[in-house]
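Asks: Provided below are the primary sequence and the corresponding predicted coordinates.
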Amino acid sequence: MNKSKAQCLKSQFNESNVNLKKMSLIVPMVFILSIIILTASMAFADEHFRERRHSKNDENRQEHKEDEIEQHENILSSLYKREDKGNESTGEAATWLFVVANITVLISLLSKGIVRFMPLEITVTEKIKSFNKFQKKYLMFFHYLLNPIALIIAFVHFGLSCCVTTFLPELSLALMAAIGIAGILLKLKVSPKSIRKAVYWFHTNPMPIGFALSILVVGHTIVD
């Protein structure tokens, strides 16, 4: 009886030891697994928080940038609106003065071209030549007066303009200024004899002014 009782107690003790060993293995595993899960959860939550914070910061920066761009656009728009009125006025004034000042040149070129290239009677040719001399006698005064004024207004127009797209308007203005200076040198007879023929050709030949007008039109087309 005592022997069987001792064996029963021994088996219970062994079973308890086995359960303790199992528990000693399970508890650390559960503890480690809990730490891993908790750490992963905290890392995920922290990452999610950072993403939300960064997203919110990005949205705030984007909104701030959009506000700054809108403010700059409003400022530039108001500036260009003020400049456009002045630009149009000075540009149109310079254009019309230039046209009026050079009507006599256009008439002279047409008259010479008709006489040279069209087979006309001598009487008609003489009448055309007489008309050309007549109009030059009375209209060349406006040519000498209005061209410098038109050139000055063109420089004012250039000063009021803001062109970053192309340099063609500036190039055409420089060419027209050179043609005008050549005309002043011829009128005042102050050009050196060695370059007088070249100055005369540069001022009276239609190629330089035609080239200047062409790039002027192309440049304004690009800007517009």
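Replies: Cool, the structure landed. Keep in mind that this is a model prediction, so the values were computed, not measured.

Asks: show me where pLDDT drops low in this protein?
Replies: Applying pLDDT under 70 to the chain flags the ranges 1-67, 70-87, 162-164, 223-224.

Asks: Now do the strands in it.
Replies: With DSSP state E, there are no strands along the chain.

Asks: could you pull out the helices for it?
Replies: Using DSSP state H, the helices found in the chain span residues 2-101, 103-117, 122-160, 168-188, 193-204, 206-223.

Asks: Buried residues of the second one, list them for me.
Replies: Along helix 103-117, these residues count as buried under the neighbour rule (16 or more other Cβ atoms under 10 Å): 104-105, 108, 111. All C-beta spots, glycine's among them, are computed from the backbone N, C-alpha and C.

Asks: what does the shortest one give?
Replies: Buried positions in helix 193-204, judged by neighbour count with 16+ other Cβ under 10 Å: 199, 202-204.

Asks: Check the fourth one too.
Replies: Of the residues in helix 168-188, those with enough neighbours to count as buried (16+ other Cβ under 10 Å) are 168-169, 172-173, 175-176, 179-183, 185-186.

Asks: Against which helices or strands is that helix packed?
Replies: Packing partners of helix 168-188 (3 or more Cβ pairs under 8 Å, 6 or more residues apart in numbering; DSSP states H and E): helix 122-160, helix 193-204, helix 206-223.

Asks: what angle sits between it and helix 122-160?
Replies: Interaxial angle, helix 168-188 versus helix 122-160 (axes from the mean of the first three to the mean of the last three Cα atoms, to 10 degrees): 130 degrees.

Asks: which residues sit against helix 168-188?
Replies: For helix 168-188, contacts defined as Cβ atoms under 8 Å, 6 or more residues apart in numbering pick out 144, 147-148, 151, 154-155, 158, 161, 163, 191, 196, 199-200, 202-203, 208-209, 211-213, 215-216, 218-220, 222-223.

Asks: and these, which are buried?
Replies: Listed as buried from the contacts of helix 168-188 are 147, 151, 154, 158, 161, 191, 199, 202-203, 208-209, 212, 215-216, 219; burial here means 16+ other Cβ under 10 Å.

Asks: what's the most distant pair in those residues?
Replies: Farthest pair in those (Cβ to Cβ) is 161 and 191. Separation: 31.4 Å.
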